[in-house]
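Peer 1: Build me a structure from this.
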Amino acid sequence: MKFKANTFLKAMEGSWTSQKTTYYLKTNQICYNQFNYIFKRSKFLRNDSNINRLNCLAYILEFYTNDQKQQDYYHFSQTSQDDLGFIAKHHNKNLDSYRYSIHKNNCLKIEYKMANIEYIEYIYAINQTFTTNVSLLKKSNKYMAISFASNIKITALDKQ
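Peer 2: Numbers count the residues shown, from 1 in each chain. Predicted coordinates for the structure are as follows:
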């Protein structure tokens, strides 16, 4: 049985703490980040003519690092197939477009391609309170970086 995108997104709602490690292949540099975030369904849609609002789920992603809050808005638009769609990310005044698909059971695959840059992220939902991410960054068909993250759902951050 296919795992549906709506079900996956609903399971992702809540407060999370994340630890991320990024390895840059060319420089052998390793970066560690730890942050908290809240993924919640938006009660409104931003006024943007580029978004098809008829078949669209709107989510807000709030990042918290060093007591600073950053908000990004995501609009998930489904195609006629429930396991395939597009994401419009609003960050500051920029709009980025991604493609998502349900890659395997409990795995959301996100892809971004622009010119010679390609970004692929796999989000694995291990259970309702634990996810892990693997991200790959390619430039001109050469891998530049790989990133691993683990995310644990917590209740102490709920500011909804």
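Peer 1: Could you use CA atoms for every contact and neighbour count after this?
Peer 2: Noted.
Peer 1: Just name the shakiest helix or strand of this structure by mean pLDDT.
Peer 2: strand 56-65 (a mean of 70; mean pLDDT, DSSP states H and E).
Peer 1: Pull up the gap between the residue lying farthest from the centre of the chain and residue 135, please.
Peer 2: Most distant from the centre of the chain: residue 27, at 25.9 Å, with distances by C-alpha atoms, centre = their mean. Computed as C-alpha to C-alpha, to the nearest Å, the residue 27 to residue 135 distance reads 18 Å.
Peer 1: List the buried residues of stretch 13-23.
Peer 2: By 16 or more other C-alpha atoms under 10 Å, the buried positions in stretch 13-23 come out as 13, 14, 15, 16, 17, 18, 20, 22, 23.
Peer 1: Check which helix or strand the last one maps to.
Peer 2: Using DSSP states H and E, residue 23 falls within strand 14-24.
Peer 1: Over to residue 26?
Peer 2: Residue-wise, residue 26 maps onto no helix or strand under DSSP H and E.
Peer 1: repeat for the one 10 residues further on
Peer 2: When elements are defined using DSSP H and E, residue 36 is found to belong to strand 29-41.
Peer 1: Pairing partners for that strand, with directions?
Peer 2: strand 14-24 (antiparallel), strand 56-65 (antiparallel) (DSSP bridges).
Peer 1: For residue 128, which of the ones you listed is the nearest?
Peer 2: strand 14-24 (10.2 Å; C-alpha to C-alpha).
Peer 1: just how off-centre is that closest one within its chain?
Peer 2: On the basis of C-alpha atoms, centre = their mean, to the nearest Å, strand 14-24 sits 11 Å off its chain's mean C-alpha point.
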